[in-house]
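Asks: Sequence first, predicted coordinates after that:
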Amino acid sequence: MLADLHMHSTASDGSLEPAELMRRAAASGIELVALTDHDCLDGQQVARDTAESLGMQWVSGVELSAQWQGHTLHILGYGFDPQSPGLVEAINRVQEGRWRRAEQIAQRLAGKNMPGALEGALEIQRSAGAELHSPPARPHFADWMVKAGHVRDRAEAFRKWLGAGKLGDIKQHWPELAEAIEPLRAAGGVAVMAHPWHYGFTRSRLRRLLRDFAEAGGRGIEVVNGKQPPEQVAYLAKLSIEFGFFASCGSDFHHPDSPWMALGKMTAMPDDCTPVWADPLFCR
Ligand code: AMP
Ligand code: MN
Ligand code: MN
Ligand code: MN
């Protein structure tokens, strides 16, 4: 079965609206799909209606921001009730934190002779065509910085200003790992550690993270994220087996112009992993 369980729409930092995203997902042959916007459930209903009308199996999805030992982490959630009051409230709190963060990022950039970043990032977001209530994310700031001539491209914006440890990397608003997972579990969902390789941790730190994650109720890890090199996938597959985690796979699609994150075009999941859709909590 071709499953793509990680993708973004204009409800967070993707560039396609949820319905268009689902149409493209179906056209790429995906059979089981989840829309996993960052800290946002706004696209879920439209995604579901569109996905099911096109014959795909759909499961609720989200990518939650969290912190652990001072690092920002992403937790994928699946199969939860999107109307769960506890989860909706937790997500609303994170969205408020994201607004405060966006204001702080703009202030800090203004202090570096880059005024008008918040308005600029909002304009970038609006021009993506969505009816938005969500706060601008770092990629919107990055695109504004390019447009305003402060950097050459997005990569430079992250490298110099917005990436890990830089001025725009403000973490204090994210809930702690266990706190982020709790409302997801209460909503009947499965918590999966997103792209564990991408945090740049040593192997021993990664193991500590996975132990803490399991203890907090985490049930799976994302073994395949986009076109991840097969040796990384093999390592994550081994970890999933060792820890008894379910394994998930997704493209992490954001834009049609990023060929390394194309819908449904991920590295294959190793056969010896137990896919997350085998988890009884992963109800479609
Ligand atoms: P935020 O949710 O506002 O913290 O923004 C994080 C998002 O920025 C991620 O989900 C990616 O889509 C994007 N991102 C993170 N690091 C980079 C990078 N180095 N280059 C380009 N995009 C990035
Ligand atoms: Mn993103
Ligand atoms: Mn992520
Ligand atoms: Mn993602």
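Replies: That came through, no problem. Ligands and ions are numbered 1, 2, ... in the order given.
Asks: going forward, measure contacts between C-alpha atoms and count neighbours the same way
Replies: Fine.
Asks: Right, and ligand 1 sits closest to which residue of the stretch 51-200 of the chain?
Replies: Here the residue of the stretch 51-200 of the chain nearest ligand 1 is residue 137; by Cα to the nearest ligand atom that distance is 3.4 Å.
Asks: That residue and residue 11 touch, don't they?
Replies: No: using Cα atoms under 8 Å, residue 137 makes no contact with residue 11, being 10.7 Å away.
Asks: Between those two, which has more neighbouring residues?
Replies: residue 11 (27 against 18; other Cα atoms under 10 Å).
Asks: dump the residue contacts of that one.
Replies: By Cα atoms under 8 Å, 6 or more residues apart in numbering, the residues touching residue 11 are 17, 18, 37, 40, 41, 42, 43, 130, 132, 134.
Asks: Tell me the secondary structure at the residue lying closest to the residue of the stretch 51-200 of the chain closest to ligand 1 once chain neighbours are set aside.
Replies: Of all residues not flanking residue 137 in the chain, residue 13 sits nearest, at 6.5 Å (Cα to Cα, 6 or more residues apart in numbering). With DSSP: H, G, I helix; E, B strand; the rest coil as the basis, residue 13 sits in coil.
Asks: Could you tell me how many residues sit around residue 13?
Replies: A count of neighbours around residue 13, defined by other Cα under 10 Å, yields 22.
Asks: now it: how far from ligand 1?
Replies: Relative to ligand 1, residue 13 is positioned 6 Å away (Cα to the nearest ligand atom, to the nearest Å).
Asks: I'd say that residue and residue 139 touch.
Replies: Yes: here residue 13 reaches residue 139: they are 6.7 Å apart, a contact under Cα under 8 Å.
Asks: Common neighbours of those two, please.
Replies: By Cα under 8 Å, 6+ apart, no residue touches both residue 13 and residue 139.
Asks: about what we covered before: give me every residue that touches the residue nearest to residue 137.
Replies: Contacts for residue 13 (Cα under 8 Å, 6+ apart) come out as 37, 38, 136, 137, 139, 140, 254.
Asks: Likewise for residue 43?
Replies: Residues 9, 11, 18, 35, 37 are the ones in contact with residue 43 under the rule Cα under 8 Å, 6+ apart.
Asks: Over to residue 103?
Replies: Applying Cα under 8 Å, 6+ apart, we find residue 103 in contact with residue 118.
Asks: Quick check, residue 72 in contact with residue 65.
Replies: Yes: with the criterion set as Cα under 8 Å, residue 72 and residue 65 qualify as a contacting pair; they are 6.9 Å apart.
Asks: For the stretch 1-150 of the chain, which segments count as strands?
Replies: Across the stretch 1-150 of the chain, reading from the start of the chain, the strands by DSSP state E, counting those that start in this stretch fall at 3-4, 32-33, 57-58, 61-68, 71-78.
Asks: which outside residues touch the least confident helix or strand in the chain by mean pLDDT?
Replies: Lowest on mean pLDDT, DSSP states H and E among the helices and strands of the chain sits helix 117-127, with a mean of 93. Helix 117-127 is touched from outside by 102-103, 106, 109-110, 132, 135-136, 140-141, 143-145, with contacts defined as Cα under 8 Å, 6+ apart.
Asks: Go again with 6 Å.
Replies: Where contact means Cα atoms under 6 Å, 6 or more residues apart in numbering, the residues beyond helix 117-127 that reach it are 106, 140, 141, 144.
Asks: can you pick the most crowded of the residues you listed?
Replies: Highest neighbour count within those: residue 141, with 30 neighbours (other Cα under 10 Å).
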